[in-house]
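Student: sequence plus predicted model, see below.
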Amino acid sequence: MKKISAVILALALVIVCAVPALAAPQQWVDIDLEGYKVVYLFNYNQTIAIDIYGKTQDEAADYWSFDIAVEETFPSCEDSDPKNPFKDARYVISNIYVAGFEAGEIISTAKSDVNVVPVDLTVAQNTAFVYPIVTKSNIVIGLLYAKVNVDEGYLQVEGQLKDGIYNKTVNTLTIYTTRHQVLDGANDDFPFAEPISIKDELGDADAVLLSITGKVTYPTLVGNLKSGRKFSYQDYYRDEAWVRAYRDTMVPMRSKVAFR
């Protein structure tokens, strides 16, 4: 089985005590999408940072709380000063994956906890499919772009993490050309941001499944803390309405992935 060295998924920023609030994806994603039809498989507005300014204490506790904060990593700046969990940013270290179908939803006998997303390679024009990248701690942390270049016959996968996210490890991109490979592990690893021949490297498949691995550090609060406006990264839970709707939009693509 071919193994190609993985590359770092994206983004190495200097850690600071306060980071910019998040906005629409075009304001923080610098992936080249010229000539591509961009297909958002979910409503991005469901995954932007939540403004918790002006909320009651009970409402704010839904997003951040002292009880949770004491178990997290405090920022390194001004170490000599005592930390206020209701004012200072706090950092969490977590593994990441691309939000999609669990292995058991692809093939019922799979025991793996891998999450995969399908990519339709039969599109008629250059198309970039967009998926949320999330953490094991249930936070939307960035976007994954699967760019299908029909003109030149290749797939290219690129990821962008949100502002204020700090990449800690090399990430791996794995591609399954059949559903059964999710069960038996007969898959290939590929580099990010490089063309992958649909004919020569993906066996001219109609659709494939992608998974990623990696680890990030992220702040629980973002925004201009001095001004009093605070933001919390959006949660990701599989049973939320927008997540269920997102998976539903991918069912037709999933059905195109060969079983064997």
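Tutor: Cool, the structure landed.
Student: mind checking the longest helix of this structure?
Tutor: Using DSSP state H to define each element, the chain has its longest helix at helix 241-256.
Student: what's in contact with that one?
Tutor: For helix 241-256, the external contacting residues (Cβ atoms under 8 Å, 6 or more residues apart in numbering) are 41-43, 46, 99-101, 106, 117-120, 122, 129, 132, 206-207, 209, 236-238. C-betas here are computed from N, CA, C, even on glycine.
Student: show me where the stretch 1-150 of the chain has helices.
Tutor: Remark: helices assigned in the stretch 1-150 of the chain by DSSP state H, counting those that start in this stretch are 57-61, 66-69, 103-106.
Student: and those helices, which one's lowest on average pLDDT?
Tutor: Note on those: lowest mean pLDDT is at helix 66-69, with a mean of 37.
Student: among the contacts of helix 241-256, name the buried ones.
Tutor: Among the contacts of helix 241-256, those scoring as buried are 41-42, 46, 99-101, 106, 117-120, 129, 132, 207, 209, 236 (criterion: 16 or more other Cβ atoms under 10 Å).
Student: farthest-apart pair in these, please.
Tutor: For those, the farthest-apart pair by Cβ to Cβ is Q46 and A207; their separation is 25.0 Å.
Student: first-to-last residue distance for stretch 33-41?
Tutor: Taking Cα to Cα, to the nearest Å, stretch 33-41 runs 16 Å from one end to the other.
Student: now stretch 31-45: buried residues?
Tutor: By neighbour count with 16+ other Cβ under 10 Å, stretch 31-45 contains the buried residues 31, 33, 36, 40-42.
Student: so which of those comes closest to R260?
Tutor: Using Cβ to Cβ, L41 is the member of the buried residues of stretch 31-45 that lies nearest R260, at 25.8 Å.
Student: OK, contacts around the closest one?
Tutor: Per Cβ under 8 Å, 6+ apart, neighbours of L41: 129-131, 246, 249-250.
Student: one more pass at 10 Å, please.
Tutor: By Cβ atoms under 10 Å, 6 or more residues apart in numbering, L41 lies in contact with 99-100, 117-118, 129-132, 245-250, 253.
Student: now do K111
Tutor: When contacts are counted by Cβ under 10 Å, 6+ apart, K111 touches 103-104, 183.
Student: ok, those residues vs T174, which is closest?
Tutor: Among the contacts of K111, A103 lies closest to T174 (Cβ to Cβ), at 11.9 Å.
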